[in-house]
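Engineer: Sequence and predicted structure, then a few things I'm wondering about:
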Amino acid sequence: MKACKAKDSQLIAEYLDGNQNSLEILIHRHKNRVFAYILMVVKDKQLADDIFQDTFIKVINTIQAGSYKEEGKFIQWVMRIAHNLIIDYFRKSKRIPVVDNDSYDFDIFDTIQFTDASVEEKMILDQIHKDVRELIEHLPQEQKEVLFMRHYTEMSFKDIAEQTDVSINTALGRMRYALINLRKLIKEKDIVLTR
């Protein structure tokens, strides 16, 4: 129980001292965010599984080699590795990710834990999530990516800028336009997003 509340850096130190359980806790703590991000970009569950595994193999190898430097948050470092592996995959396959509005095999909202709600509240909330997910699919890829990184992986705009290789102002601008476009879509489609 105590290990579950330990900081990432403490778990890494314990893993390096031979505690394999610390690594399991660390991976379990961050796996949903990392996998959700990979899947959002590649839109293929099997490919996402492969990249997810490659990401954590690289993480483990880097930690074991003593090359990991605690310069910031562990999760941002892992997300950067995942992002770079995704880019490598697309470069090798010369494939650019495209938005597929009909692809709803994965539901990002399944990774969020809810308190017990009534059946009616759950149905309404599910509908709101479905509506938001459909609206997000209409956004340009850059706006969708920034929105996802900010709200679903809780990354700072500084980290988003670094990961997407743009300035902080560009990342902020993309977020601003994503929200403006979502508001327009909500108004156009006359969608109610309240319980």
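Structural biologist: Yep, that arrived.

Engineer: State the mean pLDDT of the helix or strand containing Asp88.
Structural biologist: In this structure, Asp88 is located in helix 74-93 according to DSSP states H and E. What helix 74-93 shows for mean pLDDT is 85.

Engineer: Quick one: name whatever helix or strand follows it.
Structural biologist: helix 119-136.

Engineer: Report the contact partners of the residue nearest to Glu14 when sequence neighbours are not counted.
Structural biologist: Computed as CB to CB, 6 or more residues apart in numbering, the closest residue to Glu14 that is not its neighbour in sequence is Ser22, at 3.9 Å. All C-beta atoms are positioned from the backbone trio N, CA, C, and that covers glycine. Residues near Ser22 by CB atoms under 8 Å, 6 or more residues apart in numbering: Ala3, Ala6, Leu11, Ile12, Glu14, Tyr15.

Engineer: Check these and tell me the two furthest apart.
Structural biologist: Ala3 and Ile12 (12.2 Å; CB to CB).

Engineer: So those two - more neighbours on which side?
Structural biologist: Ile12 (19 against 14; other CB atoms under 10 Å).

Engineer: Am I right that that one is in contact with Val78?
Structural biologist: No: Ile12 is not in contact with Val78 according to CB atoms under 8 Å; the separation is 11.5 Å.

Engineer: any idea which helix or strand of the protein has the worst average confidence?
Structural biologist: When the helices and strands of the chain are scored by mean pLDDT, DSSP states H and E, helix 119-136 comes last with a mean of 73.

Engineer: can I see the domain layout of the protein?
Structural biologist: With domains defined by automatic domain parsing, the chain comprises 1-98, 102-195.

Engineer: Lowest average confidence across the ones you listed, which one?
Structural biologist: Of all the domains of the chain, domain 102-195 has the smallest average pLDDT, which comes to a mean of 74.

Engineer: That domain: how far from the chain's middle?
Structural biologist: 11 Å (CA atoms, centre = their mean, to the nearest Å).

Engineer: what's the helix or strand for Ser22?
Structural biologist: Per DSSP H and E: Ser22 is located in helix 20-42.

Engineer: Now do that helix against helix 119-136, angle only.
Structural biologist: Helix 20-42 and helix 119-136 meet at an angle of 60 degrees, taking axes from the mean of the first three to the mean of the last three CA atoms, to 10 degrees as the criterion.

Engineer: buried residues in helix 20-42?
Structural biologist: 22-23, 25-26, 30, 32-42 (16 or more other CB atoms under 10 Å).

Engineer: Let me know the closest of the residues you listed to Gln163.
Structural biologist: Among the buried residues of helix 20-42, and counting by CB to CB, the member closest to Gln163 is Tyr37, at 9.7 Å.

Engineer: Chain neighbours aside, what residue packs nearest to that closest one?
Structural biologist: Excluding the flanking residues, the one nearest Tyr37 by CB to CB, 6+ apart is Thr153, at 5.6 Å.
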